[in-house]
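Asker: need coordinates for the following:
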Amino acid sequence: MSESTITEASLKAALTERLNAVHVEVTDMSGGCGQSFTSLIVSPDFAGKNSLKRHRAVNAALRDEIAAIHAWSAKCQTPEEWERDKKEHNGADGPPMDGTVGGHVQGVDA
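Answerer: Okay, the predicted model is just below:
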């Protein structure tokens with residue numbers, strides 16, 4: 001996969017297909033240049049797996065894509081965990097946005 005074809009939509013489609021995800025949110029934090037992404041991935045395949053195993057599964061599923069971008073972060077949940085967190089946050093749950101301003105990394109020229 002070439003760098004120019006990596007988008008929020010292409011990553012979402014790949015995660016949905018490769019991890020049997022029931023919900024995926026991907027956010028390009030690079031200001032549109034497609035080099036830094038964060039995500040929320042909800043999959044029943046994560047059940048019974050600790051955080052490390054979940055992230056290894058995601059990294060394996062996106063091996064080629066991750067190799068072509070600068071930064072990647074993922075929040076991996078089972079459907080039950082996702083529903084619980086949505087209730088705790090009044091329906092507002094999404095990918096991690098730590099270190100961003102409005103979902104974008106500041107101080108970089110895209």
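Asker: residues contacting the most centrally placed residue in the chain?
Answerer: Residue closest to the average C-alpha location in the chain (CA atoms, centre = their mean): S39, at 1.9 Å. Contacts were defined as CB atoms under 8 Å, 6 or more residues apart in numbering; by that measure S39 touches L11, L15, V24, E25, V26, T27, W72, S73, A74, K75, P95. C-beta: built from backbone N, CA, C; applies to glycine.
Asker: mind listing which of the residues you listed are in strands?
Answerer: V24, E25, V26, T27, W72, S73, A74, K75 (DSSP state E).
Asker: which among the residues you listed end up buried?
Answerer: Among these, those scoring as buried are V24, E25, V26, T27, W72, S73, A74, K75 (criterion: 16 or more other CB atoms under 10 Å).
Asker: need the residues you listed in JSON lines with distance to K49 and pLDDT, can you?
Answerer: Supplementary listing: those in JSON lines, determined by distance: CB to CB, whole Å; pLDDT from 0 to 100:
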{"residue": "V24", "distance to K49": "17", "pLDDT": "97"}
{"residue": "E25", "distance to K49": "20", "pLDDT": "96"}
{"residue": "V26", "distance to K49": "21", "pLDDT": "95"}
{"residue": "T27", "distance to K49": "24", "pLDDT": "92"}
{"residue": "W72", "distance to K49": "19", "pLDDT": "94"}
{"residue": "S73", "distance to K49": "18", "pLDDT": "94"}
{"residue": "A74", "distance to K49": "13", "pLDDT": "95"}
{"residue": "K75", "distance to K49": "14", "pLDDT": "96"}
